[in-house]
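In: Give me a model of this one.
(one chain, ligands or ions: 1)
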Amino acid sequence: MMRRTLSGVALLTALVLPTFWAVSQAEWQPAADLAAFQEVTLTIEGMECRSCVKDIRKALLRVPGVSSADVRFREGRAVVKYDPQKAGEEELVRAVESASNAMYRYRASVLAQGG
Ligand SMILES: [Cu+2]
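Out: Residues are numbered from 1 along each chain as shown. Modelled structure (predicted):
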């Protein structure tokens, strides 16, 4: 009885694991195609300290498709690289604004589209 269950688990693992592997490979491939990434510069109002920078960066990186977010406190800007198939400028702007909290209110807009 025990033996039967164990081999059942082993069989299931043998079937399921390669499927997981195949799926993760399939998702990994397009992301590796860096040529498809786009860069956008956002102007951000409301950043007043380093912790604002950290919160905004975290919010941008949480958007699916964003590969990097360089938030520049002094310039009041963020340079974001993202996969246009997965994310859009509006989502990036919204992500910045949704990082607002009781102390700071952030406003973002698209300055320039590059890449
Ligand atoms: Cu701050």
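In: how about low-confidence regions in the chain?
Out: 1-35, 114-115 (pLDDT under 70).
In: what's near enough to touch the nearest residue to residue 37 once chain neighbours are set aside?
Out: Nearest residue to residue 37, sequence neighbours excluded (C-beta to C-beta, 6 or more residues apart in numbering): residue 81, at 5.1 Å. Every residue, glycine included, has its C-beta placed from N, CA and C. Residue 81 is in contact with 37-39, 66-69, 115, counting by C-beta atoms under 8 Å, 6 or more residues apart in numbering.
In: what separates residue 94 from residue 110, distance-wise?
Out: 12 Å (C-beta to C-beta, to the nearest Å).
In: returning to that earlier point: which among the contacts of residue 81 count as buried?
Out: 37-38, 66, 69 (16 or more other C-beta atoms under 10 Å).
In: interface residues of the protein facing the ion?
Out: Within the chain, the positions lying close to the ion (C-beta under 5 Å from the ion) are 48-49, 51-52.
In: try 6 Å
Out: Residues of the chain lying close to the ion (C-beta under 6 Å from the ion) are 48-49, 51-52, 104.
In: Residue 61 against residue 69, yeah?
Out: Yes - with contact defined as C-beta atoms under 8 Å, residue 61 and residue 69 form a contacting pair (5.4 Å).
In: Once you drop chain neighbours, what's closest to residue 91?
Out: In space, residue 91 is closest to residue 63, 5.5 Å off (C-beta to C-beta, 6+ apart).
In: I'm done for today, thanks for sticking with me.
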